[in-house]
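Participant: need a structure here:
(chains A and B)
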Amino acid sequence: MSTTATVPHGPAGPAPAAPTTERPTTDIVRHWTTPIALAVLAAVSLAVFALTASGKSATFRISTDADAIHIPDIVVPTIAAGWTITLLLAALAVWGFLQVRRSGTVSGWVSAVFAALFVAGFLVWVVGAANTTTVFLTGLIAGSVTLAIPLIFGSMAGVLSERAGVVNIAIEGQLLAGAFTAAVTGSVTGSVWAGLVAAVVAGVLVSVLLAVFAIRYLVNQIIVGVVLNVLVAGLTSFLFSTVLSSNSSALNSPPHFPSIRIPFLADIPIIGPILFDQTILGYGMYLIVIALYIGLFHTKWGLRVRAVGEHPKAADTVGINVIRTRYINVLLGGAVAGMGGAFFTLVSSSSFSKEMTAGQGFIALAAVIFGRWNPIGAFFAALLFGFTTNMQYVLAILGTPVPSQFMAMLPYLVTVLVVAGLVGRSRGPAAAGSPYVKE
Amino acid sequence: MKLELRGITKKFGAFTANDSIDLTVESGQVHSLLGENGAGKSTLMNVLFGLYEPTAGEILVDGRPVRFSGPGEAMRAGIGMVHQHFMLIPVFTVAENVALGDEHTRAAGILDLESTRRKIREISDEYGFHVDPDALVEDLPVGVQQRVEIIKALVREARVLILDEPTAVLTPQETDELLDIIRRLRDNGTAVVFISHKLREVKAISTVISVLRRGRMVGTADPDADQSELAALMVGRAVGLNTTKSAPQLGEETFSVSDLTVLSPEGVRLVDRVSFGIRQGEILAVAGVQGNGQTELTEAIMGLQKAQGSIRLDGEEILGRTTRQVIRAGVGYVPEDRSTDGLVGSFSVAENLVLNRFDRAPVGNRFQLSPAAIRSLAEQRVTEFDVRTQGVDLPVGTLSGGNQQKVVMARELVDDLKLFIASQPTRGVDVGSIEFLHDRIIRERDSGTPVMIVSTELDEVLDLADRIAVMYHGRIIGIVPGDTSRDDLGLMMAGITPGTEPDTTPDTTPKGATA
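Facilitator: Residues are numbered from 1 along each chain as shown, chains lettered A, B, ... in the order given. Predicted coordinates for the structure are as follows:
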């Protein structure tokens, strides 16, 4: 949905014996979709958050009595909050319309503030309407990070391989393979580290298949990825039901990574438990995100990887080995995704169960796109998805008026909205998905 | 530095692209490699640059034989190349592009672009390039992008610089500037290999000219050699370089475009309030550097692009009609890229010849095709247009560029055309076929059809046009007579309106032209 108007850039008339304009004239193309969406959401806010508010107060607890630093609870009256937030949302929607009229598009901060307010409005409304109107905010956020960790590992795998020009749909399979082998190896050897190494190997093995078919045999990368996912899901399910389930004490009761609590720092409210009370895998995740960010954008390696993903032929003509770079990155991605898989069975769950990754690999892929192929961006995108998943769990416990099936849709609904709506036209590596053939 | 190729042969399967070629390039020389498309120039240079492994023969640098397994090694040996399609990464800055593959790093592999920036500034100052090391390559005009390519080679201390068809994308002014840069490089002791099929440029810049034809070195020539002599060497027979045409017999203005505007999704006016008219029996050539809106203009006329304004043919509005309706209204259209838009490569010659009328008698109807009728029509067209093919059942993709173009022309030049549009009618076509195709276009004009030609080749524009419309940044910057001088057209193509140029047909002067 767009309309146009002319705004000449540069001098209006042609001057003799000089270029008339530096650039062609540009018209404003007005995209009305965003402000309309904002207006609809503001209306939803009015109808739900303001008009059907429970009248009780929602309590957000930040610290427990046992904590060293005590921060008082935040108590929010639902009706007042519902109306305030609705008014603010309406104001932002109007601002959005004005912006489109003036310059064609809504600026990013408007959408971001709008989204944050909407989430806040939803939280207050849903908590206020629950049977228990108190929610432990720190726990909600810490739980989100825990749920996001495998997503983050998965999205780093996606970033690694797509930046080099290979689309990695097989993240799901890599996670699942990692989870399975970590559980079995961990159980058999009794060592978490052996489990982790096995998971990395399994992730790399899936990647080897992806790489060989996509890079060597030029098979369509999407199809290879999908097939690999089905293959790993089938294989692990088969082994689970024929071997693991009848013998679970020997083969499917892996040891777990303990949390390593850093004294004092872990006591900082909210961020303490997130940053300083993690397992080795949790700390490793932060290190990988930072290392990958620096690596991709500030090192020779990263420059070459990005060149290979954007314009492989150009990279080739300056002496970069395109094929080798792609192999290495896809395999590295497999290793990282394998670690994410290990998180399922060596940290978050007690044992392996059938298809336990439940589509997380695809959500990780969405995080890659939402994060615009940037490790930091993908990290925050994965956190958002983790947050919505956790909110669904927490709200189910509190007992909300919303049917649990709808709450279970939440993470996926947010994924669809975010990827389709907020991202807009995000531009990935130009050569992602196309094989490189040297003539 | 002296670079020698001895007996270089490169085969692709049964096809011999280069047949025992000898070539010597020395510093302080500009060695031109002249040849038609498909003569094997690019293959030879890709062998030299390490992109292809030669089937036989050897490369010697200063008398020592070398083997390049990849471009990296060729670069280390002092060979740099500016490719026909630039090898730059659009989303990288100039500095990142220049550094790529030859990066300076600090500890732990952290990039150090500062030294690259300094080098770029030094080279830029020395040659007057005016290149900002921190600009994004995708934001730069093609002429500047080409300079980045040259800087890439110079930073790597190339002693031999290969330029593959470097002027194809440049305005005449940019071409002159490039030739100046090449002279400077030559004087600084660089050996330059200049690959082109444009006789004029080759004559202007060369120390030695070598001519390639069908993979063989057919001779060397002096830069003083006559143009027609060079052309004959290149083609293998005498060719008429200038098309002869009689004065136009002008009829009514049956085709007119007014205030046509095409917007990009971002709102850029790709075609900006363009107005012109073409009379029966007249050829209007739309000149301009590639990417100034010509493609969008023709696509808008054909109903392939959304546009605002008005396009009238025989008094009827055709803007807003579907492409099929436009074709049915009697418009013949030769698209600029025959391999992607003009032909279906895997279809036979015969099938390609009926793509625009497969549902019409006699070759078919709404429900079925008549293979016999298609075949006989195809055979007749193939004879008429002198298409060199083993048979009409062969896939059209196996034909040479010139013959493919004849197939497109044969399909589009049907009887009773109301308008004929040809974009880049002879791009990538051998000199021999150019003559033939130009002749057909003029015959179409003489039969009383309004003809619109879009071409980025000034020679072609001057050969064919009765009037010339020059496009720049989406606008028609002026419509001038067909005998306008090359220099004036060059200025107009760079967006400069020659202030006093009189317009012979003031009734068609568009808005936005010289006030």
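
Participant: From here on, just use CA atoms for contacts and neighbour counts.
Facilitator: Noted.

Participant: Residue A:219 against residue A:212, yeah?
Facilitator: No: using Cα atoms under 8 Å, residue A:219 is not in contact with residue A:212; the gap is 9.1 Å.

Participant: What parts of the stretch 251-400 of chain B come near chain A?
Facilitator: Neighbours of chain A within the stretch 251-400 of chain B, by Cα under 8 Å from any Cα of the partner chain: B:263, B:265-270, B:272.

Participant: Neighbour count says what about those residues? Which are buried?
Facilitator: B:263, B:267-270, B:272 (16 or more other Cα atoms under 10 Å in any protein chain shown).

Participant: Any idea which helix or strand in chain A has the lowest mean pLDDT?
Facilitator: strand A:2-7 (a mean of 56; mean pLDDT, DSSP states H and E).

Participant: beta partners of the residue in the stretch 1-150 of chain A that chain B sits nearest to?
Facilitator: Closest to chain B within the stretch 1-150 of chain A is residue A:26: 4.1 Å, counting by Cα to the nearest Cα. For residue A:26, the beta-bridge partners under DSSP bridges are residue A:7, residue B:268.

Participant: and it, how many neighbours does it have?
Facilitator: 19 (other Cα atoms under 10 Å in any protein chain shown).

Participant: hang on, isn't it packed against residue B:267?
Facilitator: Yes: in this structure, residue A:26 is within contact of residue B:267 by Cα under 8 Å, at 5.5 Å.

Participant: CA atoms only: put the helix or strand of chain B with the lowest mean pLDDT into PDB for me.
Facilitator: Here the helix or strand of chain B ranked lowest by mean pLDDT, DSSP H and E is helix B:227-235, holding a mean of 83. Taking C-alpha atoms only, helix B:227-235 is exported to PDB below (Å, rounded to 0.1, in the frame of the first residue of the first chain):
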ATOM      1  CA  GLN B 227      39.900   1.200 -39.300                       C
ATOM      2  CA  SER B 228      38.400  -0.900 -42.200                       C
ATOM      3  CA  GLU B 229      41.700  -2.800 -42.400                       C
ATOM      4  CA  LEU B 230      41.500  -3.700 -38.700                       C
ATOM      5  CA  ALA B 231      37.800  -4.600 -39.000                       C
ATOM      6  CA  ALA B 232      38.600  -6.900 -42.000                       C
ATOM      7  CA  LEU B 233      41.300  -8.600 -39.900                       C
ATOM      8  CA  MET B 234      38.900  -9.000 -37.000                       C
ATOM      9  CA  VAL B 235      36.100 -10.400 -39.000                       C
END
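
Participant: Who are the packing partners of the helix or strand just after it?
Facilitator: Next in sequence after helix B:227-235, counting helices and strands by DSSP states H and E, comes strand B:253-263. Secondary-structure packing of strand B:253-263 (3 or more Cα pairs under 8 Å, 6 or more residues apart in numbering or on different chains; DSSP states H and E): strand B:269-279, helix B:294-301, strand B:308-313.

Participant: Apply 6 Å and report the result again.
Facilitator: strand B:269-279, strand B:308-313 (3 or more Cα pairs under 6 Å, 6 or more residues apart in numbering or on different chains; DSSP states H and E).

Participant: Highest mean neighbour count out of those?
Facilitator: strand B:269-279 (a mean of 23; mean count of other Cα atoms under 10 Å in any protein chain shown).

Participant: ok and it relative to helix B:294-301, angle-wise?
Facilitator: 70 degrees (axes from the mean of the first three to the mean of the last three Cα atoms, to 10 degrees).

Participant: Can you tell me the element residue A:336 falls in?
Facilitator: Per DSSP H and E: helix A:322-343 holds residue A:336.

Participant: Check residue A:412 too.
Facilitator: helix A:404-417.

Participant: Just the CA atoms of that helix, as PDB, please.
Facilitator: Extracted in PDB, the C-alpha atoms of helix A:404-417 (Å, rounded to 0.1, in the frame of the first residue of the first chain):
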ATOM      1  CA  SER A 404      -3.300 -22.300  27.200                       C
ATOM      2  CA  GLN A 405      -3.300 -23.300  23.500                       C
ATOM      3  CA  PHE A 406      -3.300 -19.700  22.600                       C
ATOM      4  CA  MET A 407      -0.500 -19.000  25.000                       C
ATOM      5  CA  ALA A 408       1.500 -21.800  23.400                       C
ATOM      6  CA  MET A 409       1.100 -20.100  20.000                       C
ATOM      7  CA  LEU A 410       2.700 -16.900  21.400                       C
ATOM      8  CA  PRO A 411       6.400 -17.600  20.500                       C
ATOM      9  CA  TYR A 412       5.500 -18.600  17.000                       C
ATOM     10  CA  LEU A 413       3.000 -15.800  16.600                       C
ATOM     11  CA  VAL A 414       5.700 -13.300  17.700                       C
ATOM     12  CA  THR A 415       8.200 -14.900  15.300                       C
ATOM     13  CA  VAL A 416       5.900 -14.500  12.300                       C
ATOM     14  CA  LEU A 417       5.000 -10.900  13.200                       C
END
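
Participant: what comes into contact with it?
Facilitator: The list of residues contacting helix A:404-417 from outside it, by Cα atoms under 6 Å, 6 or more residues apart in numbering or on different chains, reads A:385, A:388-389, A:392.

Participant: 7 Å instead, please
Facilitator: Contacts with helix A:404-417, where a contact means Cα atoms under 7 Å, 6 or more residues apart in numbering or on different chains, come from A:366, A:385, A:388-389, A:392, A:396.

Participant: Mind checking which of the residues you listed land in helices?
Facilitator: Counted as lying in helices by DSSP state H, out of these, are A:366, A:385, A:388-389, A:392, A:396.

Participant: Need the max-distance pair from those residues.
Facilitator: Using Cα to Cα, these span at most 24.9 Å, a distance reached by A:366 and A:396.

Participant: which one of these two has more residues nearby?
Facilitator: residue A:366 (24 against 18).

Participant: Report how many residues lie close to the residue in the stretch 201-350 of chain A that chain B sits nearest to.
Facilitator: Going by Cα to the nearest Cα, chain B is nearest to residue A:319 of the stretch 201-350 of chain A, at 3.8 Å. Neighbouring residues of residue A:319 were enumerated by other Cα under 10 Å; the total is 22.

Participant: what about it, which helix or strand?
Facilitator: Using DSSP H and E, no helix or strand contains residue A:319.

Participant: right, and it touches residue B:71 too?
Facilitator: Yes: under the criterion of Cα atoms under 7 Å, residue A:319 makes contact with residue B:71 at 5.2 Å.

Participant: Partner strands of the helix or strand containing residue B:192 and their direction?
Facilitator: Residue B:192 is located in strand B:191-196, with elements delineated by DSSP H and E. Under the criterion DSSP bridges, strand B:191-196 sits next to strand B:30-34 (parallel), strand B:160-164 (parallel) in its sheet.

Participant: Closest one of the ones in helices among the contacts of helix A:404-417 to residue A:285?
Facilitator: Of the ones in helices among the contacts of helix A:404-417, the one sitting nearest to residue A:285 (Cα to Cα) turns out to be residue A:385, at 16.3 Å.
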